[in-house]
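A.B. asks: Prediction below, plus the sequence it came from.
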Amino acid sequence: MPREPSGMSTGASRLPEPERAPDYGSRYRLRDLFTPLDTLLVSGGDPRLALDARERVNVYGCAASPQPEIWNFASSTASTISQAAYDRAALAREELVHKCLFDEVEVAFDARCEDMRNELRGHLQLPPRVEIVFSPSGTDSQLHALFLARAVLGAPPVTIVVGADQTGSGTIHTARGHHFSAMTANGLAVRKDGAVAGLAGASLALPLLETGPAIAMRGDADAAVLHAVEATIAQGAPVLLQIMDASKLGWRAPSAACLDEIARRWPRKVQIVVDACQARLGRRRLRSYLDRGYMVLMSGSKFFGGPAFSGALLVPKGLSRPLDRIEGIAPGIFDYAGRCDWPMAWTMLRSRFERRPNFGQWLRWEAALAEIGSYYAVPGAFRAKVLAELAAGIDSMIALSPSLRPVAAATRTADLDDEEFAQTTIFPFMLLRGGKPVSIAETNAVHQALARDMSQEISGSAADRQVAAQRCLIGQPVRLERQDAAPQAVLRLCVGARLVTEAWSPDAAEAQRNVQHVLDRIAHVLVKIELLLDRGAVAAAPVNSAFEV
């Protein structure tokens, strides 16, 4: 992709009033769409999308093309692209090429992005006036939320991040309006943790992990949130409150009662944005957040299983008018959005931004929409039934394993708004040897060894070697800092939309066999973990520092 002038990478140069990005004309030629599909799918993102030169996978172990031989239980982190999603991306590219023969590339691309907004609204059952801002990742969407919150609140807010210990690693930077990587999705070199011009501010991190040796959600989350909001507003600053639904461990905070209290005590001084990037919430709950005036961060690449990365910010209808009339624009936001990312209804705001199609972002969303549409085409009763059966089976298998210790799920009040997500879909556990947790390094090594054929490193029967040969992805380790105790790491088995979609059949007997097939595969994964720990084979798996713990 072409690069902007160096001044745009930090926002240091003074822009003419009103602020707008320079428009260099139609620089994106039709030939860009003839780039190999695998290359396009990993373009237009930050360095996390880059493929390793030897293994041809990204830092999450996923290739750019389908790998049906790899079993996927990693939807809390990233999933390999399915054949159906890959085929949709290929067809979408062909259709756009055809349209570009009769219209400018940017015009045809813009129209396609608006069509995707309508499709996503339809799948999620959202009203037409809920607007959608697309982005390369949920981390980019956090910067969009901060940019829009400043306009809504009328002043730079202090960002309070609930669950800061269980959200994306870039949040510590984006919450303060800082660059979260050394390279933006537009290919601009920036200084990681340097200020995004016009967005930099203060933030406060509220962890969800209980203090002390136990790994559990803190019991005073509501009180901590109320105290943080009260103290911040007392100092004269408005608040952008980023709440969690759901965290890397599947936790949600604060409670609805806490949010009601905030709305009662500090009207128009707190803008709430929901971190729902895991997409593990019912559509009724999603609509209720938007109806209350909250913005919502989401992704097509977690529960839904689209390729990493595909971010979006859902904006409630009541905010659209003031947002479209933003006068002073933070110069640094031009590095993180193009005109096509903003909804067509926001004509004034869009006019300030360069016409800059991001083909990689678009194709990843095309792939994600294939997964989202397939998931919601499955009857709701079946979705709930499968998630319940898988949850019961996985809980039982983890409890029976001598080498695994489950991490307790956070307790939730039964709520019809949760729909099928009343069931657990993320199953975190610690690895044990002799009843004691193994090191973070060994946990990381086991995670990587699961994705490799380890049959040559496992001694034993032919059956053991067959188990060790199967490649599988599970949720990457989460590092948990604990007071007065050494840090620990947990792995996660994850149930994603694709497992439900592939299990569905109108034939009840066949559907039940499909669900049992999934459970058999999960049992296989757990046996491989046991073998890796028992035989000490993880020493043979090279530790790739790109895997974050």
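C.D. replies: That came through, no problem. Numbering: from 1, shown residues only.
A.B. asks: least trustworthy helix or strand in the chain by mean pLDDT?
C.D. replies: Lowest by mean pLDDT, DSSP states H and E among the helices and strands of the chain is helix 317-324, with a mean of 81.
A.B. asks: pLDDT of the very next helix or strand once past it, averaged?
C.D. replies: Once the chain leaves helix 317-324, the next helix or strand it forms, by DSSP states H and E, is helix 347-351. The predicted model assigns helix 347-351 a mean pLDDT of 93.
A.B. asks: What helices and strands are in contact with the least confident helix or strand of the chain?
C.D. replies: Packing partners of helix 317-324 (3 or more C-beta pairs under 8 Å, 6 or more residues apart in numbering; DSSP states H and E): helix 138-153, helix 347-351. C-beta coordinates here come from the backbone N, C-alpha and C atoms, glycine included.
A.B. asks: okay, the angle between that helix and helix 138-153?
C.D. replies: Interaxial angle of helix 317-324 relative to helix 138-153 (axes from the mean of the first three to the mean of the last three C-alpha atoms, to 10 degrees): 80 degrees.
A.B. asks: neighbouring contacts of helix 317-324?
C.D. replies: 127, 129-131, 148, 151-152, 290, 293, 295, 315, 345-349 (C-beta atoms under 8 Å, 6 or more residues apart in numbering).
A.B. asks: one more time with 10 Å
C.D. replies: Here helix 317-324 makes contact (C-beta atoms under 10 Å, 6 or more residues apart in numbering) with 126-131, 133, 147-149, 151-152, 154, 271, 290-295, 315, 342-343, 345-350.
A.B. asks: quick one, what contacts residue 205?
C.D. replies: 159-165, 167, 171-172, 175, 228.
A.B. asks: again with residue 107
C.D. replies: Contacts of residue 107 by C-beta under 10 Å, 6+ apart are 26, 99-100, 340, 355.
A.B. asks: which of the residues you listed count as buried?
C.D. replies: 99-100, 340, 355 (16 or more other C-beta atoms under 10 Å).
A.B. asks: out of those, who's nearest residue 391?
C.D. replies: residue 340 (39.4 Å; C-beta to C-beta).
A.B. asks: That closest one contacts residue 350, doesn't it?
C.D. replies: Yes. Under the criterion of C-beta atoms under 10 Å, residue 340 makes contact with residue 350 at 8.4 Å.
A.B. asks: and for those two, which residues touch both?
C.D. replies: Contacts common to residue 340 and residue 350, judged by C-beta under 10 Å, 6+ apart, are residue 110.
A.B. asks: coming back round to it: let's have the contacts of residue 107 in a markdown table, adding distance to residue 434.
C.D. replies: Formatted as a markdown table, the contacts of residue 107 follow (distance: C-beta to C-beta, whole Å):
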| residue | distance to residue 434 |
| --- | --- |
| 26 | 65 |
| 99 | 63 |
| 100 | 63 |
| 340 | 56 |
| 355 | 61 |
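A.B. asks: Mind picking the two most distant members of the residues you listed?
C.D. replies: 99 and 355, at 15.8 Å, using C-beta to C-beta across the contacts of residue 107.
A.B. asks: Mind jotting down where the strands sit in the stretch 101-250 of the chain?
C.D. replies: 131-135, 158-162, 203-206, 239-245 (DSSP state E, counting those that start in this stretch).
A.B. asks: Surely residue 276 touches residue 300?
C.D. replies: No. Applying C-beta under 10 Å, one finds residue 276 not in contact with residue 300, separated by 11.9 Å.
A.B. asks: Can you work out which residues contact both of the two?
C.D. replies: residue 138.
A.B. asks: ok, these two, which is more surrounded?
C.D. replies: residue 300 (30 against 25; other C-beta atoms under 10 Å).
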